[in-house]
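*Asks:* compute the structure for the input listed below.
(2 chains)
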Amino acid sequence: MAMMTYLEAIRKGIEEEMARDENVVIFGEDVGGVKGGVFGVTKGLAEQFGDDRCFNTPLTEGQIGGLAVGLGLVGYRAIGEFQFADYILPAVNQLISEASRMRYRTKGDWTAPIVYRAPYGGGVRGGLYHSQSTEKVLFGQPGLRIVTPSSPHDAKGLIKAAIRSDDPVLFYEHKRLYRLLKEDVSEEDYVVPLDKANVVREGDDITVIGYGMVLNHALKAAETLSKEGYEAEVVDARSLYPLDKETLVKAAKKTGKVLLVTEDNLEGSIMSEISAIIAEEALFDLDAPIRRLAGPDSPSMPYSIALEREFLVNEEKVTNAMRELAEF
Amino acid sequence: MKKLEESGLTKEEIIQAYRHILMGRRLDERLWQLTRIGKTSFNISGQGHEVGQVAMAMAFQPEKDYFLPYYRDMTACMVWGMTPKDIMLGSLGKEDDPSSHGRQMPNHYGSKEHNIVSHSSTVSTQFPLATGVAYGAQLKKQDYVTLTATGEGSANQGEVQEAMNFAGVKKLPLIFVIENNGYAISVGTDEQYANETMAERGPAYGFPGKRVNGNDFVETYLAFKEVVELARSGEGPALIELMVSRLTSHSADDDHSVYRSKEDIENLKKNDGLLFFEKQLIDEGYLTREEMTDIDTELKKEINQATDEAEEMPEPTADSILDHVYAEK
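*Replies:* This is a model prediction of the structure:
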C-alpha cells in the first residue's frame, strides 16, 4: 500500500500500463515534456517512456480525438488527454462519428481501443468553460463507455481497466478531487471493472446515487444522518455509460426511497436516465417519489464566488435533501 | 500531356491501368442503373476522377500502404485490391460487404484485408485518423505510407487543417489528396476558397503542395511517385490537389442540370479523361480500338457476374442489430 492522491493514483495507473504494454501512448496539450499536463497528471512520463510515447499535440482537440482513433486502427492503445472536459466539444464529431462506431460500422473488422481523459467539474473558480460536467453530451452514444472514479483506489483501477479495454472509453477525472482525496492505494496490479456501479455504504432507510465530488458530499452527509438515526445506502454510479442497471435498481428497491445527486444541471443529466430506469424497473418497490438534486438550469457554472456557490451542490444541500427524503 | 512511356511503367502496367480506369467507369454506370431501377437506394459517383485515381493509387504499394478514402474513391479502392463484387455487395447492403457488412450507405469504402480504412459521412473525419495511422509507422519505424483523400468542398473542414498541421509538425509519412472537381454538390469553388489553388495549403503547413492535372495520367503518376518516395524515406508529408471533373450529378439524389448549364455539361463530356487516355493509348501504340472493345466486353461480363453473385448473397440478419457495439456484449 502507498498513500496516494486521486491524481497520483491516475498517474500510477497510466505508468504501470505504459510499462506493461509498449503500445500504450499518451498525448495532448502540454502533456509531454517536463510540464506533464496542466494538472501534472502525466508528469515524468515523457522522461520515463520517451518523447515518442508521451508527447504534446498542437492546440487542436478534433485532432486529438482522431489521432487516437488512427493509432488504434494500427494496434496502439492511445490515451488522448483533453485539457478540460469543456474542451471535448470541438472533438465531439471525432468521438461520435468515428471512435464510437468504427467497430459497429465494420462489424469488428476495424477497431480502436482508446482512452480519452478529461478533467471535469466545478468548484475551482473555473467559470463557464473550466467547470462543466460534459459527460452528458457523450452519454447515450452506444459504442462509447464513460467512467469516472470517485476515490484514489478506483482512480488507479479504473484507468488501468480503461487502457486495457478494447472499447473507446471516456475517463472523466473530477479536478476538485485531484488533490482533495488521499488514501492508501494498493501497489498490486489490480483493475476496477468498467461496467459496475459500487455500493460504497450500506443502509436501509434511503438510497443515494451519485458520482464524483457529490458522492463524497453524500458519504459525509450519510454520517451526519446516521447520528440522527437514518442509515443511507450510498452508491457510486461510477460506470456512467453504459449504466450498471442491475446494481442501481437493486439499491433503489432495497430502501424504496431514492435520491439522485449530480453536479450537472438538472435537465437531461445522467440522473434523468437513472430516474427513468428506476421508475420502469422498481416503481412498485418505491415508498416516495424519486428525487433529483442537481445544479440549476443555467448554461454552465458562473465565475463569481457567489454564483459559483449558488450553482454547486454542496454537503449541506445533500444533507437536507437526504433528511427530507428519510422523513417522507 | 506527357507521353505514357515517360511514366517508367511497362506496357503491361499501362494496360492494367486502363483496365482499372475502364472498370471504374463501367461499374459506376452499372450502379446508376441499379439505383434507377430501385435495386439499390443510392450512388455517388467518381466519373471523371478515374484516370487521376488510378495514377495516384499506382504510385503506392497497396500490399503495405494504408488508404483512408472518401466516397468518390471507388476506382482507387479497386487498384488497392477491392473487387467489383466487393463494391456491389456494399451497394446492395449485403452481409459480406467488406466495407461495412451492410451497415453503411453505398460508397463508404473500406476493407481490412486491403488496408482500406472505413470512413464516416461527416466529411473529412478521416484526415485526423490518417495522422494516427501514419504516426503508428513512425513509432515502430515501419516504412508504410498512408494516403487520405477528400473533395475540395470537404477540404474546408476544420479537421482537415488540424490534421495537416499535425502532419507537418511530426513530419509524418502521409500523403493528403484533395480531388478538386469544381463542385461541392451545387456550390462552385469561388464560394469554397479564396486562394488561387488548394495546393497552397501544403506549404502553409510546412510541406510541399502541388496541383496536378488528374486527366494527365503520367503527370499525376509521377507527381505521386515523387512524394510517396519522399514520405517513405522520412521526408514528411505532401499535399496533392488533383484536378478532375465531376461528369455526373453529385449523387443519385441530385440533378446537376438545375445548377449547371447545358453547355457546361456538354463541355465536361468533351473533357472526359477516359477519352484522352484512350486516345493516348492508340496514338502511342499501346492498344488498338478493337483491343479496347474486347477489354470493355470482358469487364462488362465481369460486372454482370459480380452483380448476379452479389444479388444472391444474404442480407445481414435482423438479430445482428446489436452486434459489435462493444468489444464484448
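
*Asks:* biggest helix in chain B by residues?
*Replies:* In chain B, assigned by DSSP state H, the helix with the most residues is helix B:11-36.

*Asks:* which strands or helices does that helix pack on?
*Replies:* The helices and strands touching helix B:11-36, judged by 3 or more Cβ pairs under 8 Å, 6 or more residues apart in numbering or on different chains; DSSP states H and E, are helix B:50-58, helix B:74-80, helix B:84-91, helix B:273-283, helix B:289-312. Glycine gets a C-beta too; all of them are placed from N, C-alpha and C.

*Asks:* which of the ones you listed sits closest to chain A?
*Replies:* Relative to chain A, the nearest member of these by Cβ to the nearest Cβ is helix B:84-91, separated by 11.6 Å.

*Asks:* run the angle between the closest one and helix B:11-36 for me.
*Replies:* Angle, helix B:84-91 to helix B:11-36, by axes from the mean of the first three to the mean of the last three Cα atoms, to 10 degrees: 30 degrees.

*Asks:* what mean pLDDT does helix B:84-91 have?
*Replies:* For helix B:84-91, the mean per-residue pLDDT is 98.

*Asks:* so is the helix or strand just after that helix next to chain A?
*Replies:* For helix B:84-91, the succeeding helix or strand toward the C-terminus, using DSSP states H and E, is helix B:126-139. Yes - Helix B:126-139 comes into contact with chain A (Cβ under 8 Å from any Cβ of the partner chain), by way of B:127-139.

*Asks:* quick one: average pLDDT of helix B:126-139?
*Replies:* 98.

*Asks:* name the residues of that helix that are buried.
*Replies:* Neighbour counts using 16 or more other Cβ atoms under 10 Å in any protein chain shown place B:126-137, B:139 of helix B:126-139 among the buried residues.

*Asks:* so which of these is the closest to residue B:91?
*Replies:* residue B:126 (20.2 Å; Cβ to Cβ).

*Asks:* so what's whatever residue of the stretch 201-328 of chain A ends up closest to chain B closest to, chain neighbours aside?
*Replies:* Proximity to chain B, evaluated over the stretch 201-328 of chain A using Cβ to the nearest Cβ, is greatest for residue A:242 at 8.1 Å. For residue A:242, ignoring the flanking residues on the chain, the nearest one in space by Cβ to Cβ, 6 or more residues apart in numbering or on different chains is residue A:195 at 6.6 Å.

*Asks:* then residue A:101?
*Replies:* That would be residue A:143: by Cβ to Cβ, 6+ apart, it lies 5.1 Å from residue A:101.

*Asks:* helix, strand, or coil at that neighbour?
*Replies:* Following DSSP: H, G, I helix; E, B strand; the rest coil, the label given to residue A:143 is coil.

*Asks:* residue A:169 is in contact with that one, correct?
*Replies:* No - the pair residue A:143 / residue A:169 is not scored as a contact, 10.9 Å apart, by Cβ atoms under 8 Å.

*Asks:* neighbour count: the two, which is higher?
*Replies:* For residue A:143 versus residue A:169, the count of surrounding residues by other Cβ atoms under 10 Å in any protein chain shown is larger for residue A:169: 25 against 18.

*Asks:* could you report the neighbour count for residue B:218?
*Replies:* Neighbours around residue B:218, by other Cβ under 10 Å: 20.

*Asks:* what do you get for the one 5 residues further on?
*Replies:* For residue B:223, the tally of surrounding residues (other Cβ under 10 Å) stands at 23.

*Asks:* name the element the residue nearest to it when sequence neighbours are not counted belongs to?
*Replies:* Nearest residue to residue B:223, sequence neighbours excluded (Cβ to Cβ, 6+ apart): residue B:212, at 4.6 Å. In this structure, residue B:212 sits in strand B:209-213 according to DSSP H and E.

*Asks:* so what touches that strand?
*Replies:* Residues outside strand B:209-213 that contact it (Cβ atoms under 8 Å, 6 or more residues apart in numbering or on different chains): B:52, B:180, B:197-203, B:219-220, B:223, B:227, B:238-243.

*Asks:* if we use 10 Å, what do you get?
*Replies:* B:1-2, B:51-52, B:55-56, B:164, B:176-178, B:180, B:196-203, B:219-224, B:226-227, B:237-244, B:273, B:276 (Cβ atoms under 10 Å, 6 or more residues apart in numbering or on different chains).

*Asks:* chain center to that strand, what's the gap?
*Replies:* Offset of strand B:209-213 from its chain centre (Cα atoms, centre = their mean, to the nearest Å): 16 Å.

*Asks:* quick one, that strand and helix B:273-283 angle?
*Replies:* Going by the same axes, to 10 degrees, strand B:209-213 makes 70 degrees with helix B:273-283.

*Asks:* against which helices or strands is the next helix or strand after strand B:209-213 packed?
*Replies:* Downstream of strand B:209-213, the next assigned helix or strand under DSSP H and E is helix B:217-232. Applying 3 or more Cβ pairs under 10 Å, 6 or more residues apart in numbering or on different chains; DSSP states H and E, one finds that helix B:217-232 contacts helix B:11-36, helix B:50-58, helix B:126-139, strand B:146-151, strand B:174-180, strand B:209-213, strand B:238-243, helix B:273-283.

*Asks:* and helix B:217-232, which residues are buried?
*Replies:* Result for helix B:217-232 [16+ other Cβ under 10 Å]: buried residues B:217-225, B:227-228, B:230-232.
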